[in-house]
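In: A predicted structure for the sequence below; I have some questions about it.
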Amino acid sequence: MKDILILMARYNRAVNEQLFDILDACDASVHSETTGSYFDSIIGLLNHILVSNLGWLTAYRDGNLDLPSLDTPTLDFEHPGWKGILHDNLKDLRNHFLAVDSLFVKFIEETGEEVLQGNITVTRSNGKSHTFPFGKVVMQLFNHQTHHRGAISQILDEKEIENDYSNLMRMFM
């Protein structure tokens with residue numbers, strides 16, 4: 001499982017960087033325009049992904065998963081809610097997002113296979129504890145990002161903005 005998660009963490013980081021490069025080249029109105037998406041805009045979608053990743057990583061840290069990668073100010077944030085905005089501009093959002101992506105790579109690299117194959121109990125922000133198959137939940141975090149990047153791709157398609165950034169095969173070439 002660890003080799004697949006490392007691949008996905010590296011892929012995720014590379015694809016997000018490509019996506020932010022595409023967005024950097026767009027007019028700023030493209031980022032914030034209301035799109036009909038559940039999260040209102042591309043900025044809203046990206047903030048949701050970031051908040052979700054931060055939420056899970058801090059839950060792992062606070063659940064006594066003692067890994068050096070989790071001891072970082074990158075994880076310090078005030079939860080704005082699942083539709084909330086941490087960063088309303090692309091530059092700050094990109095910096096925080098890509099720092100978390102790099103953190104994910106380190107996190108997976110330093111987590112032992114036996115930990116990834118086991119269960120983890122985390123206490124969520126609402127105080128409820130849940131036990132999950134650890135490696136499978138981490139895979140779901142990557143799947144969650146893919147889902148929302150698909151929504152962003154659709155928004156860019158509608159605006160006729162080239163956005164072919166999501167190809168796992170590039171990781172093998």
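Out: Alright, I've got the coordinates. Residues are numbered from 1 along each chain as shown.
In: Strands along this protein, start to end?
Out: 119-123, 129-133 (DSSP state E).
In: Quick one: closest of the ones you listed to His147.
Out: Across the strands of the chain, the minimum distance to His147, taken as CB to CB, is reached by strand 129-133, at 18.4 Å. Any C-beta I mention is one placed from the backbone N, CA and C, and that applies to glycine too.
In: And the contacts of the closest one?
Out: Gly118, Asn119, Ile120, Thr121, Val122, Thr123, Arg124 (CB atoms under 8 Å, 6 or more residues apart in numbering).
In: next one: stretch 10-22
Out: Against stretch 10-22 from outside (CB under 8 Å, 6+ apart): 90, 94, 97-98, 101-102, 104-105, 142, 145, 149, 152, 156, 161-163, 165-166, 168, 170-171.
In: on that earlier part again, of the contacts of strand 129-133, buried ones?
Out: Ile120, Val122 (16 or more other CB atoms under 10 Å).
In: Pick out whichever of the contacts of strand 129-133 sits closest to Gly55.
Out: Closest approach to Gly55 among the contacts of strand 129-133 (CB to CB): Arg124, at 7.9 Å.
In: returning to what we had before: can you put the strands of the chain in JSON lines and add mean pLDDT?
Out: Output for the strands of the chain, formatted as JSON lines (pLDDT from 0 to 100):
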{"stretch": "strand 119-123", "mean pLDDT": "84"}
{"stretch": "strand 129-133", "mean pLDDT": "88"}
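In: Thr72: which of these is closest?
Out: The nearest among these, by CB to CB, is strand 119-123 at 18.0 Å.
In: which strands and helices sit next to the lowest-mean-pLDDT helix or strand in the chain?
Out: One helix or strand of the chain scores below all others by mean pLDDT, DSSP states H and E: strand 119-123, with a mean of 84. Counting contacts by 3 or more CB pairs under 8 Å, 6 or more residues apart in numbering; DSSP states H and E, strand 119-123 packs against helix 42-62, strand 129-133, helix 134-158.
In: Packed most tightly, which of the ones you listed would that be?
Out: Highest mean neighbour count of the helices and strands packed on strand 119-123: helix 42-62, a mean of 21 (counted as mean count of other CB atoms under 10 Å).
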